[in-house]
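S.K.: below are the sequence and a predicted model; questions follow.
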Amino acid sequence: MSEISDESGDHRVRVHLDELLAERGMTLSDLAHRVGITPVNLSILKNDRARAIRFSTLTRICQVLGCRPGDLLTVDPPADAGVRG
């Protein structure tokens, strides 16, 4: 039985906060204030440095931006996705 883990700390999840903010004419500070988190923590998320996000925070971000989680987050394919052995 295999276990899903990410011991290296690397992940392939990408956050598209810049694009969503630009489309809505909103700043990171505006969003942080409306969501109720610090601009620093939101910046960590925006810059793909977050290791986790609470569902409650994700829900608030999506409510404020009028989007779905799939609009905010995507997963890059594995680096070896096109390599066959």
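M.R.: Thanks, I have the structure now.
S.K.: residues of stretch 41-60 that come out buried?
M.R.: Neighbour-count burial for stretch 41-60 flags 42, 44-46, 50, 53, 57, 60 (criterion: 16 or more other C-beta atoms under 10 Å). For glycine as for every other residue, the C-beta is placed from the backbone atoms N, C-alpha and C.
S.K.: out of the residues you listed, which one has the lowest pLDDT?
M.R.: Taken together, the buried residues of stretch 41-60 show their lowest pLDDT at residue 50, with 91.
S.K.: helices along this protein, start to end?
M.R.: Assigned by DSSP state H, the chain shows helices spanning 17-24, 28-35, 39-46, 55-65, 69-72.
S.K.: for residue 79, which of these is the nearest?
M.R.: Between residue 79 and the helices of the chain, the shortest gap by C-beta to C-beta is with helix 69-72, which sits at 22.1 Å.
S.K.: put the alpha carbons of that closest one into PDB.
M.R.: Provided in PDB are the C-alpha atoms of helix 69-72 (Å, rounded to 0.1, in the frame of the first residue of the first chain):
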ATOM      1  CA  PRO A  69     -11.400  26.800  -6.300                       C
ATOM      2  CA  GLY A  70     -10.500  25.500  -9.800                       C
ATOM      3  CA  ASP A  71     -10.300  29.100 -11.000                       C
ATOM      4  CA  LEU A  72      -7.800  29.900  -8.200                       C
END
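S.K.: what comes up buried for that helix?
M.R.: residue 72.
S.K.: ok now that helix, how far from the chain's centre?
M.R.: 8 Å (C-alpha atoms, centre = their mean, to the nearest Å).
S.K.: now the helices of the chain as a markdown table including distance to residue 79?
M.R.: A markdown table is the format used below for the helices of the chain (distance: least, C-beta to C-beta, whole Å):
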| stretch | distance to residue 79 |
| --- | --- |
| helix 17-24 | 23 |
| helix 28-35 | 30 |
| helix 39-46 | 23 |
| helix 55-65 | 26 |
| helix 69-72 | 22 |
